[in-house]
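Undergrad: What follows is a predicted structure for the sequence shown.
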Amino acid sequence: MRPLDEHRAAALALAAPLAPEERGLDELDGMVLAQDVRSEDLLPRWDNSAMDGYAARAADVTPGVVLQVVADLAAGSGDEPVVRPGTVARIMTGAPLPQGADAVVPVEDTDGGTETVTIHEVPATGAHIRRAGEDAVPGDLVVAAGTALGPAHIAAIASVGRATALVHRRPRVAVVSTGDELVPPGTPLMRGQLPDSNSWLLAAAVREAGGEPRRLGPVADDPKALHALLVGLEDVDLVLTSGGVSMGAYDVVKAALADEAGVEFVRVAVQPGKPQGLGRLPNGTPIVTLPGNPVSSFVSFELFVRPALRRMAGHVDVERPTVTATSDDAWSTPPERAQVMPVRFVSDGGDPHVVRATGRGSGSHLVARLALAEGLAVIPASVDSVSAGDRINVLRITP
Ligand code: AMP
Ligand code: MG
């Protein structure tokens, strides 16, 4: 059996960051920046007012002084009045500061006049002025390459005047679930049938990892037809299949790819998820074939596929965050194999405690209970049982 880490490394080795492309601001959320964004100008561009009020000469102002209002400057005003001794300009937040003014008096500290204004409070020189370049000067790094872009990064890119940014493309992933017994969810079941949940699981997991899923299937257990489908796929960066890779009589994925030299089927020392396959289709597209049991499929995606997808999407950090938690639960684990147990957190904060999400059972068919999982405890092959109070490593799979 192949050690877990070895198979993880083999899966990750199938992936390389996808070529960067210029994308519009409305597409950037969640994408990874491929090139530093620097400011090319002063930000803000002009000295401007931080308050609604009056742009004044601080030296002119004594308590109760009446000054003449010579201009009215809204945000966006391109006017260039000059504030001479004895005068002020009415100014709104964001409007460029007029020449001659060296302070802004907030409207609350005045009578609010439009022809003349009475000023009650004396401003300090420089009060309520935002200086040109105080946020960034030309050449300043605004967002670094490798950053996974969120709202604040996108705002920063927009604020330096860029409508696009160079980002890694999202990986396009074909998701093919296999099995004669599978029907689309919502279809009444005949005896022996069950709803296809894996293609929905994997499509959502692909999207969560930053990819674009293309869900195909469920497809029948027909090796010839499946082979034709798989080798004919175009415009995808990765192919994922579910089911048909174990030791049964009708293991369609194994049969379909048996003669493809680029794909290997192996048994991995992990529970669940022992039967695995991966490699490249004849056109070079990477493929990972996941086992059909829903919990196995889920765990296998997390262990083998998600890091590879994140690498393709340009992420530097491809792994889930890991926490050390105390188990409040006890169970035995398979000898000589690592175990990945879905868990939920029962207390968090500085000292997280976990229990098995699946209750007493740990069967790989328990898909409904999988919905309770908040983490995956990874128990090394060398450990044969977990006792209450043991410290275990948990991958956090929920925010
Ligand atoms: P297989 O690996 O194809 O033998 O499937 C193993 C088990 O997982 C069987 O009980 C299947 O019915 C179940 N299974 C396979 N594919 C799916 C799927 N797409 N959705 C839900 N269950 C599945
Ligand atoms: Mg099957």
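TA: Received, thanks. Ligands and ions are numbered 1, 2, ... in the order given.

Undergrad: lowest confidence element among the helices and strands of the chain?
TA: When the helices and strands of the chain are compared on mean pLDDT, DSSP states H and E, helix 367-370 comes out lowest with a mean of 81.

Undergrad: close to ligand 1, is that helix?
TA: No: applying Cβ under 6 Å from any ligand atom, one finds helix 367-370 separated from ligand 1 by no less than 6.7 Å. Yep, even glycine has a C-beta here, placed from its N, CA and C like the rest.

Undergrad: Buried residues of that helix, list them for me.
TA: Buried residues in helix 367-370, counted by 16 or more other Cβ atoms under 10 Å: 367, 369, 370.

Undergrad: cool, and stretch 327-343?
TA: Here stretch 327-343 shows 327, 329, 333, 337, 338, 339, 340, 341, 342, 343 as buried, counting by 16+ other Cβ under 10 Å.

Undergrad: Looking at those residues, which are in helices?
TA: Judged by DSSP state H, helices contain none of these.

Undergrad: ok, the residues you listed vs residue 48, which is closest?
TA: For these, the residue nearest residue 48 by Cβ to Cβ is residue 343; the value is 53.1 Å.

Undergrad: Please name the residues that touch residue 231.
TA: 281, 282, 283 (Cβ atoms under 8 Å, 6 or more residues apart in numbering).

Undergrad: out of those residues, which is most surrounded?
TA: Within the contacts of residue 231, neighbour counts (other Cβ atoms under 10 Å) peak at residue 281, which reaches 19 neighbours.

Undergrad: List the contacts of it.
TA: Contacts for residue 281 (Cβ under 8 Å, 6+ apart) come out as 230, 231, 233, 239, 260, 262, 263, 287.

Undergrad: Out of those residues, list just those in strands.
TA: 239, 263, 287 (DSSP state E).

Undergrad: Can you add pLDDT and give those residues back as JSON lines?
TA: JSON lines is the format used below for the ones in strands among the contacts of residue 281 (pLDDT from 0 to 100):
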{"residue": "239", "pLDDT": "98"}
{"residue": "263", "pLDDT": "97"}
{"residue": "287", "pLDDT": "98"}
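
Undergrad: okay, those in CSV with neighbour count and distance to residue 395 next?
TA: CSV is the format used below for these (neighbours: other Cβ atoms under 10 Å; distance: Cβ to Cβ, whole Å):
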residue, neighbour count, distance to residue 395
239, 22, 24
263, 22, 27
287, 24, 24
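
Undergrad: Now distance to residue 1 too, for those residues, in a markdown table please.
TA: Formatted as a markdown table, the ones in strands among the contacts of residue 281 follow (distance: Cβ to Cβ, whole Å):
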| residue | distance to residue 1 |
| --- | --- |
| 239 | 24 |
| 263 | 18 |
| 287 | 21 |
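
Undergrad: and which of those is nearest to residue 215?
TA: residue 239 (12.2 Å).

Undergrad: Excluding chain neighbours, what is closest to residue 113?
TA: Leaving aside its sequence neighbours, residue 113 sits nearest to residue 69 (Cβ to Cβ, 6 or more residues apart in numbering; 6.5 Å).

Undergrad: Up against ligand 2, what does this protein have?
TA: Proximity of the chain to ligand 2 (Cβ under 5 Å from the ion) is limited to residues 179, 243, 244, 292.

Undergrad: Just give the number of residues close to the closest residue to residue 185 other than its chain neighbours.
TA: Leaving aside its sequence neighbours, residue 185 sits nearest to residue 195 (Cβ to Cβ, 6+ apart; 4.1 Å). Neighbour count for residue 195, taken as other Cβ under 10 Å: 16.

Undergrad: Residue 195 contacts residue 188, doesn't it?
TA: No: look at residue 195 against residue 188 with Cβ atoms under 8 Å: they stay out of range, at 10.4 Å.

Undergrad: Make sure residue 393 is indeed in a strand.
TA: Yes: residue state for residue 393 (DSSP: H, G, I helix; E, B strand; the rest coil) corresponds to a strand.
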